[in-house]
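got a predicted structure plus its sequence, pasted below:
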Amino acid sequence: MKKIIWVLVVSQFAFLASVKGQRAINVDLNKTSGKLNTMFNTCVGAGRANEGLRADWQQQLEYVRKQCGFRYIRMHGLLTDDMAVYTEDAKGKPQYNYMYVDALFDFLHKIGMKPFVELGFMPNALASGNQTIFWWRGNVTPPKDYNKWQALITNLVQHFTERYGAEEVKSWYFEVWNEPNLSPGFWTGTQDDYFKLYDYSVKAVKSVNPGYKVGGPGTAGAAWVPEMISHCSKNNVPIDFVSTHSYGVKQGFLDEYGNSGTVLSKDSLAVSGDVLNSRKQITQSAKPGLELHYTEWSSSYTPADPLHDSYHEAAYILEKLKQVGHAANSMSYWVFTDVFEEPGPRYTPFHGGFGLLNIQGINKPAFYSYQFMNKLGRTELANNDTRSWVCKNDKGDIQALLWDYTYTLPDSVNNQAYYIKDLPAKPKGKVKINLSHVPAGKYTMEIYKVGYRVNDAYTRYVDMGRPGQLNRQQVEKLKEENGSPVAKQEIVVKPNAVYSQELDIRENDVILVNLIKKS
């Protein structure tokens, strides 16, 4: 950061007049807007359940949990054959086994996370066909016997209840399948077939405990929300929440092996517009009080989009979450790690993967958006600036998180050709933070930043010549260069003073100002 100026003004009402066109964030510490909405870290995604048995996956999740505060995790493949959950004997009698599931869920429980349980995909012994998706071959066909499917789900939920207790499982969510509207990609059946699967699933879960939460349809592109609610309402089928997905590119919904070009949408309400519309659809439905969970979202749906690695992603995340407001109960970022094998194992350290961390556990810029949000105090202050949060905590600390979001993708260029480059950010002028009624005393001021060449591991990777593999020293160097404050200073706030902080800001910079009360 090139320039940092802090100013203490004697009168608490003496806000300096903003220079014409300068952005100003004016906040009175006595004016709150309530408890901070933390839907942003309610849940995060992961690739598939079997990956959760890996040591590096577990180490990265524990780290992300501590740094970003995620409380739930959702993943595919809980019931696929690599989790060894279901088979049948020679007479067709079901055989259940939960050893792998227990190892995974016990780990989640140990680190203080809860599963957002996606019920899928189909065990091969129970499948009606052989259609699969992804390198790891998740079977996407309906069950050959819906009663056997119901018995499997009933037995699984009974097992969870015995192992973790009913009160714990009441806090979980059970989501039926994933993106059944993408046929034959994720589901070879029809919409009616999906509703049948949902009916048998919800009956199974509720038979164990009526207080357990079940929902769906987990669709791509915010689809089937009215239809799902209508089906449940007309047929008296329980539904506790609606789930669906949205990504911020202009075309398509599925790129299984990362071979397609994608283009970030220019629509200022990409992703967030879907969420706001889903909430409207629920409000206008027969069940207006349903929870809404976006169980997947990101800028792009392909696991080979360099935007995911770019510093632009950090500002994009904050822009969309701020726009969503209170419309969703959770927004589950897809995903927390590049230990993610839908297209198979990846061969380069930065390949446009979905993760907040790369395979070696290096923080991407996207990681810091969630880490910074997790540093916000739980009381949000009234603030008219649309690209910032200002908060305080019970200790007297004050946090201001602000960003610029600028769409820079040239016309007729796709993400894969643009975001892979070294992309210097243009200046966007200055932003001034004015805080009135700051309690007098000594503070430590810390300023953190994400942007071009600041907590920007990918651009440093470009500097290295984009090596196909990183050695241990290179990994350690990239990790060491990330995470520290760009400025730290001891300040004194006098009685009846206004605290003012002026900052330079560039395109797609994210800045966190943290005032830590010392006395």
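Everything's here; your move. Numbering: from 1, shown residues only.

what is the subsequent helix or strand relative to the helix or strand where residue 505 lies?
If you go by DSSP states H and E, residue 505 is part of strand 498-506. Per DSSP H and E, the first helix or strand lying C-terminal to strand 498-506 is strand 510-517.

show me what that following strand is in contact with.
Counting contacts by Cβ atoms under 8 Å, 6 or more residues apart in numbering, the residues outside strand 510-517 that touch it are 1, 314-315, 318, 365, 368-369, 372, 375, 395-403, 433, 438-439, 441-451, 491, 499, 501, 503, 505. Backbone N, C-alpha and C define where each C-beta goes, glycine included.

put the alpha carbons of it into CSV.
Extracted in CSV, the C-alpha atoms of strand 510-517 (Å, rounded to 0.1, in the frame of the first residue of the first chain):
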residue,chain,number,x,y,z
VAL,A,510,-9.8,-5.7,-0.6
ILE,A,511,-8.8,-3.9,2.6
LEU,A,512,-9.4,-4.7,6.3
VAL,A,513,-8.7,-2.0,8.9
ASN,A,514,-8.6,-3.5,12.4
LEU,A,515,-8.5,-1.2,15.5
ILE,A,516,-7.6,-3.3,18.5
LYS,A,517,-8.4,-1.6,21.8
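
mind starting the numbering at 50 from now?
Sure thing, new numbering starts at 50, so read that last one as strand 559-566.

ok, it: who's next to it in the sheet?
In the sheet, strand 559-566 lines up against strand 447-452 (antiparallel), strand 490-499 (antiparallel) (DSSP bridges).

please confirm that residue 115 is located within a strand.
No. Using DSSP: H, G, I helix; E, B strand; the rest coil, the assignment for residue 115 is helix, not a strand.

that one and residue 231: what is the separation?
35 Å (Cβ to Cβ, to the nearest Å).

more neighbours: these two, which one.
Ranked by neighbour count (other Cβ atoms under 10 Å), residue 115 and residue 231 place residue 231 first, with 18 against 13.

the more buried one in helix, strand or coil?
Following three-state DSSP, residue 231 is assigned to coil.

quick check, it in contact with residue 269.
Yes. Between residue 231 and residue 269 there is a contact under Cβ atoms under 8 Å: 5.2 Å.

name the surrounding residues that touch the helix or strand encompassing residue 249.
Element membership for residue 249 (DSSP H and E) is helix 240-257. When contacts are defined by Cβ under 8 Å, 6+ apart, helix 240-257 is touched by residues 168, 191-192, 195-196, 198-203, 206-207, 210, 223, 225-226, 229-230, 236, 238, 261, 263, 265-266, 273, 276-277, 280, 284, 286-288.

which of those residues fall within strands?
Those of the contacts of helix 240-257 mapping onto strands are 168, 223, 225, 263, 265-266, per DSSP state E.

can you add neighbour count and distance to residue 100 and give these back as CSV?
Shown next, in CSV, are these (neighbours: other Cβ atoms under 10 Å; distance: Cβ to Cβ, whole Å):
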residue, neighbour count, distance to residue 100
168, 25, 18
223, 26, 21
225, 27, 22
263, 24, 25
265, 29, 23
266, 29, 24
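
hmm, back to that, of the contacts of strand 559-566, buried ones?
Buried by 16 or more other Cβ atoms under 10 Å: 363-364, 367, 414, 417-418, 421, 424, 445-452, 482, 487, 492, 494-500, 548, 550, 552, 554, out of the contacts of strand 559-566.

which helices and strands sit right next to the strand holding residue 554?
For strand 547-555, the packing partners by 3 or more Cβ pairs under 8 Å, 6 or more residues apart in numbering; DSSP states H and E come out as strand 53-58, strand 476-485, strand 559-566.

farthest-apart pair in the ones in strands among the contacts of helix 240-257, please.
Farthest-apart pair in the ones in strands among the contacts of helix 240-257 is 223 and 266; separation 13.0 Å (Cβ to Cβ).

could you find the closest non-adjacent residue to residue 500?
Among residues not flanking residue 500 along the chain, residue 558 sits closest, at 3.9 Å (Cβ to Cβ, 6 or more residues apart in numbering).

check residue 379 too.
residue 91 (3.7 Å).

next: residue 260.
With Cβ to Cβ, 6+ apart as the criterion, residue 260 has its nearest non-adjacent residue at 4.9 Å, and that residue is residue 219.
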